[in-house]
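Q: Just need the structure, nothing else, for what follows:
(2 chains)
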Amino acid sequence: MSLIKSIAFKNFYNFYGDYSQNNYIFGNGLNIIVADNGCGKSKFFNGFLWILKNKVLDSDDHTEYDVNFNPLKIISDKAKAEININEKLECGVIVTFEAFDKMYEVNKFIIAKKKDNNGKWDFNFKDKYTKKDVYSYNTMRINDVEEKDKIVNRIIRPEFRKYALLQGEEVDKIIDFNNENSLIEAIRVISDINKIEELCELSEYMYDRAEKDFNEQMKKYIKDDNKYDQLLKDKDNFKSELKKEEEILKNHQHNYSKSISEKDELLGKISSANQRQGFRNQITDLDNQIKKLILEIDMKYENLNKLFFSENIPWVLLGMDGVFNEFYNARDNYIREKAKLEMLKKAENNPNQFFTLLPSGSPDLHSLEEMINECKCFVCGREAPSESEAWNHIVNVYNSHKKGSSSSDSYFKNNLSNFYSKLQIETQKFSIISNDIINSVVKEREKIKSLNQRVGELKKKKDLLYQKYFEYDGTREGIETEEEKDINIIDKFGKIEERIGEYINKINNTKNIITDYNSKIQKNESEISKYESRDLPKGYENSKNILGDLNKIIGETKERIFNEKINELAFNSNKHFKDLIKNSELDGGIIHFQRTSNNTINTEIKDINNNLVIGLSTGFQRMKKIAVLMAIISSNSSKKFQYPLIADAPLSVFAIGFIKSFFSEIPKVFDQSIVLIKELYDNNTENNLTDVGCELLENKSVSNFYINYVEKNKQQIDRVTIIKKLK
Amino acid sequence: MNSDEFYSAILSKRPRYAKMHEDLIGKIANKGFTKSDITQFGPIYELFMYSFVIGYHLGSRIPLPSEKKDFLQISQWNPRSVVNSMIICLINDKRVTKLNFVEIDNLEENKIKEFINNLITALEEYAHCGLNFLEDKWENNKNEFDDPFVYANILKDVIENKKNHQ
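A: Residues are numbered from 1 along each chain as shown, chains lettered A, B, ... in the order given. As a prediction, the model looks like this:
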């Protein structure tokens, strides 16, 4: 088996620079290269195409062209821009690989010389092949053309390339369930069944010859040879007609199969459309909930700083408790001091007058006034309804206080007692406010956190719904634009049903004709067998009989082997299919393989109750194909593919569940795989990997892990692929 | 001067801020019009009051530079309870006045006017200190402003630092 050790590029598309700057090392197991769109996935794949086939795939028209068709397109734009007229540059690919205890290096390159600034260049296509013995390290340069071809074929043999080089959506063509021959062809390539078929052809030929010889000889010995001759002619005629009818039957069966597939596809579309509508509704509903929550969060953020200045718990007053208490104490002192001074002044001025002084701590005039107005005592906190005893007492105190103080106003230049009272009354509620503020802040944080958490939960729910939506061929654009219209599906469906009916009739009619011919042949053979000739040497009859028996035995053996291969294929396909869909929530059913009368294989998906399963998404369909492909490969005796798998993003239609399963299953079939993928790339994370990407990075079966970058803020010509090795 | 006259005299003042803080004010106070990616105060006086509180807790008065700008009269600031709280801070602050309330009651008219002006100057200088503090944060730890609770966090930190130093 072959093991690719490395690939390196020089000025190849957007792999600018020398080979050492654009080098990937590979080992056994999974080798993953993650790259967003435009970061070199298909160009990387082209490197292998060049080495294997001297071709590159044009991404504009998805067609493979010879490398010498348009070499200018292959060469790095940046490298081309940097050289002057009459200067040369090299553009190339080097692949190193190990096979049969030898290390090989294949280097294909172009030497391009710039002739002018109008796009005129000269190109010289070259290659260099070396072979090194892994034990003795003897290195040899290979110049022989045939030897070079053999070396390239050691990487992946031409007949296996179809199954080992997977280029995006092209994988759909490898196993085409609409084409009954597709599976047969795959089985033929991977297994040895074609040798048995060759043997069948040979034995049939030998039997035919023996029968012809026998018939010819019989003619010589039979008296009524005209009638015998006529019987032989009739037999040949019937056989020829039978063959024609068998061809016609084959054709009808093919058309019937194709129509069934089309019907299946349409049913899938109808079913998928209903499913998609359901998911769309749910997604829209979640979207609305999320928008509402985000609006609520935004409002909270916008109004957050208003809480610093709320009437009840202004956050701005955090830490001010002590200040208020100090002030209240200062004010109390002021009241007491002022009352004392007033009393002294009064006494000085009116030595004979009796006067009263309210006890220390009594409410001031302003407070008394408020108490009267509000019918409540601020000292004890009790209600004092108007005209009640308590209320009247307050009024008396007020009046005596007013009387007492009115004459004191003249003792001070200013009277700010009401000012201080006002400040105290209006800030009393803040005197021990810090804890309330802290709690308020915490509460607000919790509210916003809770809202954000809710948004997160809904977004996760939405992502899961999207996954399911994609599994039914939904696209993100479908959500936002008008709903998909399945205008002509019913009409198309009706027409296909009609055609299927016609083909069934044709098949039945042709089968009747075939049966008729078979019975004619049988009757004819019965008539022929009545003719005997004792004079005919036994050898001819013996030869005919022995070869007839041999033909029958080989035919039956072929049938037996064929059926065994189909059963094995069915078993392994379903095993791989089950493993591939294990991380998905859908039940994909069981793949059934049906042998047709013209030795092709039809496939159907059925559930555990043997009902046909229809309407599976594109992702599921492709997963089915990959499962069958893996089964075919692992159906050979060594159970593993002898060549590396090189796959360029065949996973674009898959949801995360599928992708995980794919990477889990591939190493079971391929000893080495090199997979280029976009779906593990995430621009928003630190390491630019999705969760699944991070999981794979830690996975032991992944031997090498790269990310390709392109610096987006550069000019187009400077946007070169940068390779980062993570593992 | 009686209480009402005294109170009205304070409320009639239009405090000023240093012109050098205009940019920061433009970013942090939306005046009800502009939007920003960071959370903002509304009118300038809200930011001013917040800055005063920061400066007050930092315990530092910084004189305004020569280029100043005034804004809304204190009487139009809201809520009044917070304005009164600020007046309490100033009138009770030994760094602002050594006079007790009785002594204030005995001030001559020109002196009481001077007293009121001193209160306002103190208000401005504490706020200037607070704005300087915010300016420094903006220059050196701008990512803090990505948190919607940035102003609560700053106030809390200043108070905790004050407690630790006492």
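
Q: And for B:Ala29, the neighbour number?
A: Using other Cβ atoms under 10 Å in any protein chain shown, B:Ala29 has 22 neighbouring residues. The way it works is simple: take the backbone N, C-alpha and C, and place the C-beta from them, glycine included.

Q: oh, I was asking about A:Val67
A: 20.

Q: That one against A:Lys53, yeah?
A: No: the criterion here is Cβ atoms under 8 Å, and A:Val67 misses it with A:Lys53 at 9.0 Å.

Q: who touches stretch A:718-727?
A: With Cβ atoms under 8 Å, 6 or more residues apart in numbering or on different chains as the contact definition, stretch A:718-727 has outside contacts at A:14-17, A:21-25, A:35, A:38-40, A:43, A:76, A:78, A:687, A:697, A:702-712.

Q: Return the distance of the residue nearest to the spatial centre of chain B relative to chain A.
A: Centroid check for chain B by Cα atoms, centre = their mean gives B:Phe52 as the closest residue, at 2.6 Å. Distance, B:Phe52 to chain A, using Cβ to the nearest Cβ, to the nearest Å: 9 Å.

Q: re the thing from before, would you list the buried entries among the contacts of stretch A:718-727?
A: Buried subset of those (neighbour count, 16 or more other Cβ atoms under 10 Å in any protein chain shown): A:14-17, A:22-24, A:35, A:39-40, A:43, A:76, A:78, A:697, A:702-710.

Q: Which members of those residues are positioned in helices?
A: A:43, A:78, A:697 (DSSP state H).

Q: Going by distance to A:Asn143, which of these wins?
A: Nearest to A:Asn143 among these is A:Lys43, at 29.2 Å by Cβ to Cβ.

Q: Isn't that closest one up against A:Tyr16?
A: No: between A:Lys43 and A:Tyr16 there is no contact, the gap being 11.3 Å when judged by Cβ under 8 Å.

Q: ok, the residue nearest to the centre of chain B - contacts?
A: Neighbouring residues of B:Phe52 by Cβ under 8 Å, 6+ apart: B:86, B:123, B:126-127, B:130.

Q: Can you flag which of those residues belong to helices?
A: Of the contacts of B:Phe52, the ones assigned to helices by DSSP H are B:86, B:123, B:126-127, B:130.

Q: what's the residue nearest to the centre of chain B sitting at in phi/psi?
A: Here is the backbone geometry of B:Phe52 (degrees, to the nearest 10): phi -60, psi -50.

Q: Quick one, grab the pLDDT at it.
A: Per-residue pLDDT puts B:Phe52 at 96.

Q: What distance do you get for it to B:Asn161?
A: 17 Å (Cβ to Cβ, to the nearest Å).

Q: Next: A:Ile25.
A: Taking Cβ to Cβ, one finds A:Ile25 at 55 Å from B:Asn161.

Q: So A:Glu337: helix, strand or coil?
A: The three-state assignment at A:Glu337 reads helix, by DSSP: H, G, I helix; E, B strand; the rest coil.

Q: Same list (the ones in helices among the buried ones among the contacts of stretch A:718-727) but as JSON lines, adding pLDDT and distance to chain B.
A: Converted to JSON lines, these look like this (pLDDT from 0 to 100; distance: Cβ to the nearest Cβ, whole Å):
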{"residue": "A:Lys43", "pLDDT": "88", "distance to chain B": "39"}
{"residue": "A:Lys78", "pLDDT": "89", "distance to chain B": "36"}
{"residue": "A:Leu697", "pLDDT": "89", "distance to chain B": "29"}
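
Q: Go through these and name the one nearest A:Ile496.
A: Proximity of these to A:Ile496 (Cβ to Cβ) peaks at A:Lys43, which lies at 41.3 Å.

Q: quick one: contacts for the closest one?
A: A:12-15, A:721.

Q: is it true that A:Ile723 lies in a strand?
A: Yes: A:Ile723 forms part of a strand when assessed by three-state DSSP.

Q: can you count the residues close to it?
A: By the criterion of other Cβ under 10 Å, A:Ile723 has 19 neighbours.

Q: Who does it form a beta bridge with?
A: Counting by DSSP bridges, A:Ile723 is bridged to A:Asn708.

Q: How confident was the prediction at it?
A: 85.

Q: Quickly note the distance from it to A:Val669.
A: As defined by Cβ to Cβ, A:Ile723 lies at a distance of 27 Å from A:Val669.

Q: And for A:Glu246?
A: Going from A:Glu246 to A:Val669 by Cβ to Cβ gives 37 Å.

Q: Please compare those two by neighbour count and tell me which comes out ahead.
A: Of the pair A:Glu246 and A:Val669, A:Val669 is the one with more neighbours under other Cβ under 10 Å, namely 20 against 17.

Q: just the strands in chain B please.
A: Along chain B, the stretches classed as strands by DSSP state E are B:16-18, B:68-70.

Q: Appreciated, that's everything.
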